[in-house]
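Participant: sequence plus predicted model, see below.
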Amino acid sequence: MTVLVDTSIWSLALRRRSSTLSPVDSAHILELTTLVRTGRAGLIGPIRQEVLSGVRDAAQFTRLRDRLSAFADLAIEDTDYLRAAEAFNACRRHGVSGSTVDMLICAVAGRLEAPVFTTDGDFTHYAKHVAFRLHHPRIRAVR
């Protein structure tokens, strides 16, 4: 089963220095490594764009772009945009605000039945009002 890996996880693994990682951060990276090795890590274009945005150094941008090039984008269908708008409205009705990209992630994840792997707590709020699942890795102790 594909797991849709959110920007927060890719950034943790690809943009953070290992010396700044907490044990939980390290466990998340181990989980991502497992998903990648088993061919289950999924990516969509807007997440790729978010990961690559804000990189000031051209060489670092190229390294990130090249590392992410190993992952094909999962297809976004026209109906996903409609579902994303419906998700946005459903969340808003319940006082939960989210970005259009987050709502698109929820819509694609729901259609593909692919849980979202993220450290972004907003997705917990979205999941109360939108039909998609979160990926809950078993946090392993890191020594």
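Facilitator: Everything's here; your move.
Participant: contacting residues around the strand or helix carrying residue 105?
Facilitator: Assigned by DSSP states H and E, residue 105 belongs to helix 100-112. Helix 100-112 is contacted from outside by 2, 4, 6, 42, 44, 46-47, 50, 74, 76-77, 79-81, 83-85, 87-88, 91, 114-116, 120, 122-123, 126, 130-133, using C-beta atoms under 8 Å, 6 or more residues apart in numbering. Any C-beta I mention is one placed from the backbone N, CA and C, and that applies to glycine too.
Participant: with stretch 121-138 instead?
Facilitator: For stretch 121-138, using C-beta under 8 Å, 6+ apart, the contacting residues are 3, 6, 27-28, 31, 87, 90-91, 93-94, 96, 98, 102-103, 106-107, 109-110, 113, 115-118.
Participant: that stretch: which residues count as buried?
Facilitator: 123, 125-127, 129-130, 132, 135 (16 or more other C-beta atoms under 10 Å).
Participant: then stretch 51-65?
Facilitator: 51-52, 64.
Participant: now, the residues you listed that are in helices?
Facilitator: Under the assignment DSSP state H, the buried residues of stretch 51-65 contribute 51-52, 64 to helices.
Participant: as JSON lines, the buried residues of stretch 51-65 with pLDDT would be great.
Facilitator: Formatted as JSON lines, the buried residues of stretch 51-65 follow (pLDDT from 0 to 100):
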{"residue": "51", "pLDDT": "96"}
{"residue": "52", "pLDDT": "96"}
{"residue": "64", "pLDDT": "95"}
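Participant: can you lay out those residues as JSON lines showing distance to residue 20?
Facilitator: Below are the buried residues of stretch 51-65 laid out as JSON lines (distance: C-beta to C-beta, whole Å):
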{"residue": "51", "distance to residue 20": "18"}
{"residue": "52", "distance to residue 20": "20"}
{"residue": "64", "distance to residue 20": "17"}
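Participant: follow-up on the earlier one: and the ones in helices among the buried residues of stretch 51-65, which is closest to residue 10?
Facilitator: Taking C-beta to C-beta as the measure, residue 51 is the one of these closest to residue 10, at 4.7 Å.
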